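Undergrad: coords please:
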Amino acid sequence: MAYLKAKASRGRFDVSRFGVRLEDFAMDSIADLFRRNTAGDFEALQRYCDAIAPRDAMTAEVLEGSIRRLVFSAVNQHIFHSMRDFDSGLAKIIRNLKLSLKDHPAASLGEVHDMHVIFSSGKGNLHAPMMSPEFLEAAIRTELRYDASLKKILSAINVVLDNQSEYAQMVPLIQVAFMIRAMFGEDVNPVSVIPDHGITEEEVASMIDHVMKQMGKHGETYIKRGRLTEVEVRCYLESLRRLLFDACCDGKPEQSYFDVLRSVLPQLTRNQYQHKHRAIFEYMAKLAKAELKSAALKEL
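TA: Now for the predicted structure:
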């Protein structure tokens with residue numbers, strides 16, 4: 001709540017445009033952090049904390065500081081996703097930042113605890129606190145002209161992060177996007193030499209490869225339980241790959257799940273599909289689409 005109020009006071013966030021109370025928006029921002037798996041574990045929190053230090057060695061101070069950074073990151077991500085339909089300018093800045101980072105000589109894009117971050121060339125201590133937006137903005141403002149390109153902005157950020165040791169040599173991507181918009185407006189690098197063409201077919205294929213790895217893990221559980229054979233799981237995965245790629249790239253009318261699976265298992269009958277395959281295959285298709293949507297939102 002305090003973090004959202006601070007953003008609102010600086011004119012960087014207006015909850016009224018979403019038609020909800022500030023309290024509700026705050027709770028929605030961190031809800032996914034407390035989602036439990038089938039075993040009742042808080043996976044997101046456990047994964048985040050385990051990456052920092054062994055639980056028995058983590059002090060209360062380290063835990064509090066780490067969770068604070070995780071909450072701030074979750075709030076920023078929720079703001080961005082909530083503003084997607086209202087704020088195409090911010091989405092454009094983020095997309096162009098990602099494109100600029102692909103061939104930048106110093107700064108690079110990475111992921112830490114499910115959060116996109118910009119690394120400086122020095123990398124440094126990943127467990128140190130991240131520099132506040134106000135400090136970073138003040139440090140680079142005097143170094144940049146009003147017409148600075150994204151490449152020059154990223155280079156200035158890289159220099160600032162490399163020339164200090166108190167903070168981590170990385171900064172959240174969403175934080176940089178908000179900072180750029182505050183400093184330069186939405187038209188930074190207008191008629192950009194880094195055009196926004198959306199997600200390319202190559203990027204879609206890469207995301208689908210990632211989804212298939214996740215689906216392969218699900219398939220293994222069905223093999224262990226004796227619900228499917230290895231051959232059937234391979235056919236499922238090939239069918240799911242075709243289903244996702246056709247939906248994203250080919251522009252074809254979406255086929256029924258039965259027809260998709262039968263394209264890989266030609267002898268499959270409707271009766272066999274209904275009694276043995278439908279529940280499992282359609283559940284895996286639902287998971288695969290959700291995984292692909294999540295991956296695509298990170299790229300937009």
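Undergrad: and stretch 170-180, what's its mean pLDDT?
TA: Along stretch 170-180, the predicted local confidence has a mean pLDDT of 85.
Undergrad: apologies, that question was intended for stretch 71-84.
TA: What stretch 71-84 shows for mean pLDDT is 75.
Undergrad: which residue ranges of this protein form strands?
TA: Listed in chain order, the strands of the chain (DSSP state E) span residues 108-112, 115-119, 170-172.
Undergrad: Ala57 is nearest to which of the ones you listed?
TA: Of all those, it is strand 108-112 that lies closest to Ala57, at 19.9 Å by C-beta to C-beta. (C-beta placed from N, C-alpha, C; glycine too.)
Undergrad: quick one, the closest one and strand 115-119 angle?
TA: An angle of 140 degrees separates the directions of strand 108-112 and strand 115-119 when computed by axes from the mean of the first three to the mean of the last three C-alpha atoms, to 10 degrees.
Undergrad: alpha carbons only: can I get strand 108-112 in CSV?
TA: Only the C-alpha atoms of strand 108-112 are listed here, as CSV (Å, rounded to 0.1, in the frame of the first residue of the first chain):
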residue,chain,number,x,y,z
SER,A,108,21.8,-7.3,-21.2
LEU,A,109,18.4,-8.7,-20.4
GLY,A,110,17.9,-11.5,-17.9
GLU,A,111,15.5,-12.9,-15.4
VAL,A,112,15.9,-13.1,-11.6
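Undergrad: pLDDT (mean, whole number) over it?
TA: Averaging pLDDT along strand 108-112 yields 84.
Undergrad: just the strands of the chain: most buried one?
TA: Among those, the stretch with the highest mean neighbour count (mean count of other C-beta atoms under 10 Å) is strand 170-172, at a mean of 23.
Undergrad: mind checking how far the spatially closest residue to His218 that is not a sequence neighbour is from Phe13?
TA: Using C-beta to C-beta, 6 or more residues apart in numbering and skipping the chain neighbours, the partner closest in space to His218 is Met284 (5.9 Å). With the distance defined as C-beta to C-beta, to the nearest Å, Met284 ends up 38 Å from Phe13.
Undergrad: same check on Arg241?
TA: Using C-beta to C-beta, one gets 40 Å for the distance from Arg241 to Phe13.
Undergrad: tell me which of those two has more neighbours.
TA: A count of neighbours by other C-beta atoms under 10 Å puts Phe13 above the other of Arg241 and Phe13, at 22 against 18.
Undergrad: would you enumerate the residues in contact with that one?
TA: If a contact means C-beta atoms under 8 Å, 6 or more residues apart in numbering, then Phe13 has 4, 7, 79 as its contacts.
Undergrad: which of those sits closest to Ser132?
TA: Of all the contacts of Phe13, the one with the least separation from Ser132 (C-beta to C-beta) is Lys7, at 12.2 Å.
Undergrad: what about that closest one, neighbour count?
TA: Taking other C-beta under 10 Å as the criterion, the count of residues near Lys7 is 18.
Undergrad: hey, where'd the helices end up in the stretch 151-300 of the chain?
TA: If you assign secondary structure with DSSP state H, counting those that start in this stretch, the helices in the stretch 151-300 of the chain sit at 173-184, 201-224, 230-245, 257-262, 270-272, 278-299.
Undergrad: output the contacting helices and strands for the longest one.
TA: Yep, that's helix 201-224 we're talking about. Helices and strands in packing contact with helix 201-224 are listed as helix 230-245, helix 278-299; criterion 3 or more C-beta pairs under 8 Å, 6 or more residues apart in numbering; DSSP states H and E.
Undergrad: where in the stretch 151-300 of the chain is pLDDT low?
TA: In the prediction, the stretch 151-300 of the chain carries residues with pLDDT under 70 at positions 185-203, 249-254, 296-300.
Undergrad: what do you get if the cut-off is 80, keeping everything else the same?
TA: Scanning the stretch 151-300 of the chain with the threshold set as pLDDT under 80 gives 182-206, 246-255, 290, 293-300.
Undergrad: got the strands of the chain as JSON lines, with distance to Glu230 columns?
TA: As requested, the strands of the chain are arranged in JSON lines below (distance: least, C-beta to C-beta, whole Å):
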{"stretch": "strand 108-112", "distance to Glu230": "32"}
{"stretch": "strand 115-119", "distance to Glu230": "36"}
{"stretch": "strand 170-172", "distance to Glu230": "42"}
